[in-house]
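1. Here's a sequence, model it:
(chains A and B)
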Amino acid sequence: MLKIPYCILTAIAALTFVFIGLGSVNRAVAQTKVTVIGTVVDSLGMPVIGANIAPVNTKGNSTATDGNGKFVLDVAAGTILKISYVGFVSKEITVAANQKAIRIVLAETKSQFDDVIVTAYNRKQTREAVVGSVTTVKPGNLKIPASNLTNALAGQVAGVIAYTPSGQPGQDNAQFFIRGVTTFGYKQDPLILIDNVELTSNDLARLNVDDIESFSVLKDASATALYGARGGNGVILVKTKEGKAGKAQINFRLENSASQSVKTLDLADPITYMRLYNEATQTRDPLSPLLYSENKIINTQATINHAPGSNQYVYPAVDWINMLFKKRASTQRGNLSIQGGGGVARYYVAGSFSNDGGILKTDIRNNNNNNVNFKNYQLRSNVNINISDKTELIVRLSGTFNDYNGPLTSDGSLQTQLYNLASHTSPVDFPAYYPPDSANVHTQHILFGNVASASNGDGASKYLNPYAELLKGHQRYSESRMLAQLELNQNLDFVTQGLNFHAIMSTNRYAYFRSYLYYAPFYYSATNYDKTSNTYQLQWINNLPTGNNVAREYLAYSPLESLNSSFMYLQGVLDYSHTFAKNHNVSAALIGTEQQTINGNAGNSTLLTSLPFRNQTLAGRATYSFKSRYFLEFNFGYNGSERFSENHRFGFFPTIGGSWIVSDEKFWGDLYNVVDRFKLRASYGLVGNDAISNRRFFYVSDVNLNGGSPASFGLTNGYYRPGVSINNYENDDVTWETSKQINLGMEFTLLKKINVIAEVYKNNKDNILQNRASIPATMGLEAGIAANIGKVESKGIDISLDGKQYLGKDLSIQMRGNFTYSANKYTQFEQPDYKESYRFEVGQPVNRYYGLVAERLFVDDKEAANSPSQLFASGGVQPKGGDIKYRDLNRDGKIDYADVAFIGNPVIPQIVYGFGLSATYKNFDLSGFFQGQAKVSFFINPATTSPFVKSPETQYTGNTQLLKAYADDHWSEDNQNLYALYPRLGADANSIQNNLQTSTWWMRDGSFLRLKSVEFGYTMPKRIAKVLRVKNARIYFNGLNLLTWSPFKLWDPELGGNGFAYPIQKVFNLGINVNL
Amino acid sequence: MRSYYKYLFMAILAISCVSCKKYLDVTPDNVGTIDYAFRNRNEAENYLFTCYSTLQNMVYPQNNPGFTTSSEIIFPNDLSDYYGIDPVGFNLIRGSQSSQNVGLNYWNGYNGGQPVFVALRRCNIMLENINKPVDLTAGEKKRWIAEIKFLKAYYHFVLFRLYGAVPIIDVNLPINSSAEEVKVKRAPADSVVNYMVRLLDQATPDLPVIIQNQEKELGRITQPIALAVKAQILTTAASPLFNGNPDYVNIKNKDGQKLFSSSYVAGKWDKAAAATLAAITACEANGSALHKFIPPANVGTLSDSLKTVLDLQTTITEKWDLNTEVIWALNPYFPSQTYCFPRLTAKAAASPDLPGTFAVPISEQELFYTNKGVPINEDNTWDYANRYELRTGDDANRFYIGNGYETVKAHFNREPRFYSSIGFDGGIWFGNGLVNQENLYYIQDRGSSSFAGPTDNIRINITGYFPKKLVNYLSVYDEGYNMVNYRMPLIRLAGLYLQYAEALNEQGKPYAQVVPYLNKVRARAGLPGVVEAWSKYSKNPSKFTTQNGLRQIIHQETRIELAFESEPGWDLRRWKELQSVLSKPLQGWNIFESSSINYYRPRNLVIPVFNVRNYLWPIAADDLIVNGNLVQNLNW
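-> Alright, predicted model coming up:
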């Protein structure tokens, strides 16, 4: 037990020694004679930011250029300065004694290929030297008018499949997968590292784009191997900005957005609702009484017409969606960053806030604000200190703080259910609230409408009143993560040339709490309506003083979960790079890391969940390159995870890769004029994934020795023992998923303008943990048994291209596009020996749904009766004409679960693409970006969308509203359309059980193309800026999710089958960005 | 310089922590594993209770096929609130059973069933580890082993009654068994019986004769219980369903092994008779006797008729330690009194919590004898043809029927067990707080405005008859409620007497040897002996002289005596009589009518669906796919 802190302590102590020892030496003192003020520009005259300026022949301070390509440096006269920047040919100049201002033009090396790429463990490489598959994204491309970075991923990053299933502020994280879903196991999403530290997708979502220096996605084995058993699903690597030497630069940005739903549900009007409700009951049972009488319909029509003598409280016609939701919500975002520094220290300090509003309405009678509001604050400070010219210390401190306020939910989640509730409440059964009648003039509470439940013995009301649910209370949560990180970069040239040491110690603490505040609404119904005097009396429904349905005017408070966790990370890297005989470059690195997370009181606080989560890595890399033309790289990760038994605890994950810059060969010759750069690369290797299950330790049996299956004996059963239950059987064999990945890539530049990167890959994931399907009940197991059985093969293509063209002095056009295709299939999956071949998963894509094959609707009752029987519940109802006819796949004369086949495309898109254009003319810029997905299906959930039927989700007690599309196009006796949108109506789930099955009838094409963003900006002319003492100022207007093209019209296709969720938002944003 | 090397070396070493392999060993040594369940006697006893727990979970009548499919109870399937009762078991007689979705699935443990194979695995784990607790005395260890063996036998019996031939789970297969090893086969029914009997024979000597420490141990298995269960198993095995049932000739394992013997073996009845007699002898030797009412101090004088009713009514509701007749009951209290209790007062009628939904059909009511001790259609003194004619309660019948209350003739002149078991419109209710025999409640359940009549679609008794026997007379439901709990017997002495009579008759013994055991039960019910009753009052006076006639008498006697105790449902199955019982519609009165003339009209409520296949449960279709070695029962 004591050994663990000992390890960490030793590490820290050792680091401290190294750093103190080295810090005290080599303190060079330069003789200052000349102050050089320089500007570094590229061949087009654009400033080169971050170029390194260092003296060559003497010891002295070095610096880097600022955001305008400027630097200031004090040097002795005669000093030779080397100006270098990745992607440019280095230049040396000698400082003359009288030299004050220098303009240095750096020539670009060959092409834009030579971007800096940040690869594993934040290693910076030129693109030409990269062997693995790494996509980098310019942080600016991730800037969209949304307070959630993950929303920008779809279509921006070749190799990332992403989609956003909800638009609710704070709950709108995109789902994203690198190269698609490659496993059916527990963890499918990538490892996310921000400044080397593993964080969650929530942390990524909250990251402020302006703080990001680089954003890389590591996709193949070669790129991720160093992460060993954690990199199997790819890695997202984000590095935050560091300060640059120079005068303080201040950058601030303010944005104000208005958002509205991309699409709202089109519901039928109340009159159609009632008429079709009656039709729904009559068509199933002609003898059944009509729920809505002609009198009720006429009077409701009068309400709608505001006819004289109508009464909107007795004959309500409520538009619940309008009642609950505003048209628009507003969001404010702002951030401020300051960076600068001198030779000794550089700093980057940034703060930001965002305030996202929701579209829920509030009521003036209620100061209990329930609208969704999500606030995010961040503070970040990165300080680099040069202790000596060989030793750099970096301190990163950051904090992210979120405050959420939103409506209550009955299932305890944060996703608001109000949209769902509004669409599952009849528009005509009760009004949202009553105005006080004479008996209630002094009543303090809102008189919410409702209907007494059938027995009402306990004061129960029949429905949930959405308006009361909206107003009755709110929940809030508060979340914070504070991170402190110390990094040391030590040049060990004195040991041997080219040796460096980097160390990181990082810790962060996470805290979260949540609570509810709510009152209990008072429900009333109107009785004794007198038509002639147009009066009614209110009857209080939940009028019992005790029980489960007590009304309460004052607020009650209930605390919910409070979570906290602590995280600790240590990393040491020894790095060596050497060029010998001019053309031979070798490099090697050895990396050790150690990581621990401890949860304080995570939801299910059992002993096993309280134990620390740990892993340990020893990783290494060796590279060799010849003439910067041939590259060979070997990587390995030797990784240990605490999840597995001792014989499976450590795994070895090697990879090998190589690349060849073909265009550098002599034979390339004249092709250079067309393709001036051509590179091939290939890699092969293993990576792993240790997050295979939410169960902690398969190798330890998990037994509840104090509960589970009790018994009691004795005269009064007084001798009670709680019994023993088994949650997990000891299983030493469980180990990680392994993925064997092969990646082939091709990069080229056409006509010196268009860069293309195309990759194909194949990824065989095996040892996927799966519950054994072969264990019969007779084994008598209390818990399932899992084994590393499953295998999934995935393959795909990623293509990205970008280009830039100057058209004259003032106009430039940039375009970029990318395309990701990822397909996969089970190659091994344990299933029982079905008789029907179509029931086997093997060969099927992951996330493909299965369901019945719908042929059409039955022509009439007679056909339905003579077809194979379609009964889906014991005592179910035989289908009739107009109900869905299914195909009897196994021809056994009955439709049942053995006729279920895999249908449609997977529900996670197989193709995600994006393309955009931007143009700059003088001070104006305009850009547009399109994003789309294809080869994806989704399923309308008939159980929750069928009109008049209660949703199976018990929290929605009302009858489902009628979608206008269903009202217009359904099978009826008068419209016997065999391919109508909706089959024969029915007013209860039992009578339409047949139509509620998952089937091709409800399957829809989920592909769409969206105009994801459009931005129009104006940059203040330099001369005006100068007057205002501003370096740069830009004002811009942009929009998000502006237009969508999709074959599906009922709701936004990105919501998938979840059509009654908080809609995806369309955003209009005005922003200003100023550099001082 | 050299020192830097050293520091550097240390730093790298420490951080990569190659030496610190223990870093990843985060599970402490004392994480509770299954070994801890057997570290000492105290923990092991906890595990023993776990082995018992599945049995104790079987206390819910709605999950007992013997209760729900016996034709004794109808439970509506269209209530707006089932008040905590899962109707799946009651729906089985409506034909809802299927191999796709097995109701009351005790094989897998869902849809109301208990996971019996899980219980068997627990028992075997206990036996594997029984030597581990260091402080467990040899004597106690022997007793616990015997109890576990008993439980193993009983759990197999639970499956046997439902499925006939089932796999024998004598030892646990290891967790890492291969996919082929786990595909166990069904064992022939006779092998299962032999296995259960062998276990019980091994267990019996090591079980206590009686429970000494009743405060802590009442309910643990004793010798008489083991003997009685053995008798029950052998009787079941000798019965027509399993003894040479021609229907099951073709149920064979895939290797051709027959699962049910096709020839009738008379010797099975000899074994059953011997085992039943042994059980009776052991029980009587330990003080078992038929129960008589033990009046508490506040009960005043009781007429003989009421006293007999209370003898019978308290046979199951009397406290176990005071009730000499109970051989074995489950410790958890009977949980369903509120479903059997009629609302007797205005306050009870206004309360939302007394559903009273367990409804007894007319056919069950008519099973009970007349006060002469013979069936109502055989009694030559009883007006069977006009039994639905109205008649008003009078002074002479005031201990049975509300004085001056109009009801039907059928409710008059019935045997005391009728009045103790069935609550009917006009029937006197001794209890619910009133114990003065001249001032008692009687049930009024005609129409929605009557106390016990249908209040809404939640509190409704759809036949008009309540299983009064299942309510303790001490339970009170008025403004508030005070349920006085009792434990439902699994085996009681009267049942053993009847079972012995049955076995003797099946052995072909002359009626003179058989009827004494019937007469013991009849005498306590206030009825004359079989010979006297039939000779004097039956239209078929010599019925008892033939084996077949006597069999009918025994079967009816058993169904009456043990009504609502779940056993008749199982008996009807093993006799292969359930199909004919469920071939007629189940009827009730016209409950929404308030006038007696309209109320007393039988309505068909359920047309039961029961085919030959329903005698045994289907194995879930999924199980047949997972385990290709399993074969399905007849016609599923």
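
2. Quick check: which ranges of chain A have low pLDDT?
-> Along chain A, segments meeting pLDDT under 70 span A:1-32, A:44, A:57-60, A:67, A:86-87, A:108-115, A:454-458, A:602-605, A:874-876.

3. Check the gap between residue B:511 and residue B:577 for me.
-> Between residue B:511 and residue B:577 the distance, using CB to CB, to the nearest Å, works out to 21 Å. Glycine gets a C-beta too; all of them are placed from N, C-alpha and C.

4. Residue A:689 contacts residue A:735, doesn't it?
-> No: between residue A:689 and residue A:735 no contact is recorded; they are 10.6 Å apart, counting by CB atoms under 8 Å.

5. So for the two, which residues contact both of them?
-> Common contact partners of residue A:689 and residue A:735 (CB atoms under 8 Å, 6 or more residues apart in numbering or on different chains): none.

6. So for these two, which sits in the more crowded spot?
-> Relative neighbour count places residue A:689 above the other of residue A:689 and residue A:735, with 27 against 24, counting by other CB atoms under 10 Å in any protein chain shown.

7. which residue packs closest to the more buried one, ignoring adjacent ones?
-> Leaving aside its chain neighbours, residue A:689 sits nearest to residue A:232 (3.5 Å; criterion: CB to CB, 6 or more residues apart in numbering or on different chains).

8. Is there a neighbour count for residue 349? I'd like the number.
-> All of this refers to chain A. When neighbours are counted by other CB under 10 Å, residue A:349 registers 17.

9. oops, chain B please
-> Counted with other CB under 10 Å, residues neighbouring residue B:349 total 18.

10. Same check on residue A:230?
-> Using other CB under 10 Å, residue A:230 has 27 other residues around it.

11. Share the number of residues neighbouring residue A:149, please.
-> Here the number of neighbours of residue A:149 (other CB under 10 Å) works out to 24.

12. check contacts around it.
-> Residue A:149 makes contact with A:142, A:204-207, A:209, according to CB under 8 Å, 6+ apart.

13. Need phi/psi at it.
-> Per-residue torsions, residue A:149: phi -60, psi -30 (degrees, to the nearest 10).

14. how far away is it from chain B?
-> Spatial separation of residue A:149 from chain B under the definition CB to the nearest CB, to the nearest Å is 31 Å.

15. Show me how far the host helix or strand of residue B:347 is from its chain's centre.
-> Taking DSSP states H and E as the definition, residue B:347 sits inside helix B:346-350. Distance, stretch centre to chain centre, for helix B:346-350: 31 Å (CA atoms, centre = their mean, to the nearest Å).

16. What lies in contact with that helix?
-> So helix B:346-350 is contacted by B:343, B:354, B:451-452, B:455, B:477-479, B:481 (CB under 8 Å, 6+ apart).

17. still on that earlier bit, could you dump the contacts of residue A:149 into CSV with distance to chain B, neighbour count and secondary structure added?
-> As requested, those are exported to CSV (distance: CB to the nearest CB, whole Å; neighbours: other CB atoms under 10 Å in any protein chain shown; DSSP: H, G, I helix; E, B strand; the rest coil):
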residue, distance to chain B, neighbour count, secondary structure
A:142, 33, 19, helix
A:204, 26, 22, helix
A:205, 30, 20, helix
A:206, 30, 25, helix
A:207, 27, 26, coil
A:209, 33, 17, helix
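
18. In the stretch 101-250 of chain A, what residue comes closest to chain B?
-> Distances between the stretch 101-250 of chain A and chain B by CB to the nearest CB are smallest at residue A:229, namely 11.5 Å.

19. which residues does that residue contact?
-> Applying CB under 8 Å, 6+ apart, we find residue A:229 in contact with A:615, A:637, A:639-641, A:651, A:653, A:687-690, A:736.

20. Closest one of those to chain B?
-> Nearest to chain B among the contacts of residue A:229, counting by CB to the nearest CB, is residue A:640 at 4.9 Å.

21. Please see if the helix or strand where the closest one lies touches chain B.
-> According to DSSP H and E, residue A:640 maps onto strand A:630-641. Yes: counting by CB under 8 Å from any CB of the partner chain, contacts between strand A:630-641 and chain B involve A:640-641.

22. helices or strands up against that strand?
-> On a contact count with 3 or more CB pairs under 8 Å, 6 or more residues apart in numbering or on different chains; DSSP states H and E, strand A:630-641 meets strand A:613-626, strand A:650-661, strand A:675-689.

23. which of those strands is buried the deepest?
-> Each of the helices and strands packed on strand A:630-641 was scored by mean neighbour count; the highest is strand A:675-689, a mean of 22, by mean count of other CB atoms under 10 Å in any protein chain shown.

24. So which other helices or strands are in contact with that strand?
-> In terms of contacts (3+ CB pairs under 8 Å, 6+ apart), strand A:675-689 is packed against helix A:221-224, strand A:630-641, strand A:650-661, strand A:737-750.

25. let's go with 10 Å and repeat that
-> Packing contacts for strand A:675-689, counted by 3 or more CB pairs under 10 Å, 6 or more residues apart in numbering or on different chains; DSSP states H and E, involve helix A:221-224, strand A:630-641, strand A:650-661, strand A:737-750, strand A:754-771.

26. Who does the helix or strand following the last one pair with, and is each partner parallel or antiparallel?
-> Read it as strand A:754-771. Per DSSP H and E, strand A:754-771 leads on to strand A:786-807 as the next helix or strand towards the C-terminus. For strand A:786-807, the pairing partners within the sheet under DSSP bridges are strand A:754-771 (antiparallel), strand A:811-828 (antiparallel).

27. near chain B, which residues of the stretch 451-600 of chain A?
-> Counting by CB under 10 Å from any CB of the partner chain, the residues of the stretch 451-600 of chain A close to chain B are A:453-460, A:488, A:490, A:492, A:494-495, A:499, A:501, A:503-505, A:547, A:570-574, A:590-594, A:596, A:598.

28. And the buried ones among the residues you listed, selectable in PyMOL?
-> The command below creates a PyMOL selection of those among these that count as buried (16 or more other CB atoms under 10 Å in any protein chain shown):
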select buried, chain A and resi 453+456+457+459+460+488+490+492+499+501+503+504+505+570+571+572+573+574+590+591+592+593+594+596+598
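
29. Identify each buried residue in stretch B:471-490, please.
-> Within stretch B:471-490, the residues that qualify as buried by neighbour count (16+ other CB under 10 Å) are B:471-477, B:481, B:483, B:485-490.

30. can I assume residue A:726 sits in a helix?
-> No: counting by DSSP: H, G, I helix; E, B strand; the rest coil, residue A:726 is not found in a helix; it is strand.

31. can you tell me how far it sits from residue B:57?
-> Distance from residue A:726 to residue B:57, by CB to CB: 17 Å.

32. need the contact list for residue B:302.
-> With contacts defined as CB atoms under 10 Å, 6 or more residues apart in numbering or on different chains, residue B:302 is in contact with B:293, B:295, B:308-310, B:399, B:430, B:435, B:437.

33. Pull out the buried members of these.
-> For the contacts of residue B:302, a neighbour count by 16+ other CB under 10 Å gives the buried set as B:293, B:308-310, B:399, B:430, B:435, B:437.

34. any chance of those in CSV, plus pLDDT and distance to residue A:184?
-> CSV is the format used below for the buried ones among the contacts of residue B:302 (pLDDT from 0 to 100; distance: CB to CB, whole Å):
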residue, pLDDT, distance to residue A:184
B:293, 93, 66
B:308, 94, 68
B:309, 94, 65
B:310, 94, 65
B:399, 93, 71
B:430, 93, 65
B:435, 88, 67
B:437, 89, 72
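
35. And what about the closest residue to residue B:541 other than its chain neighbours, helix, strand or coil?
-> Sequence neighbours aside, residue B:535 is the residue nearest to residue B:541 in space, at 5.1 Å (criterion: CB to CB, 6+ apart). When the structure is reduced to helix, strand and coil (three-state DSSP), residue B:535 reads as helix.
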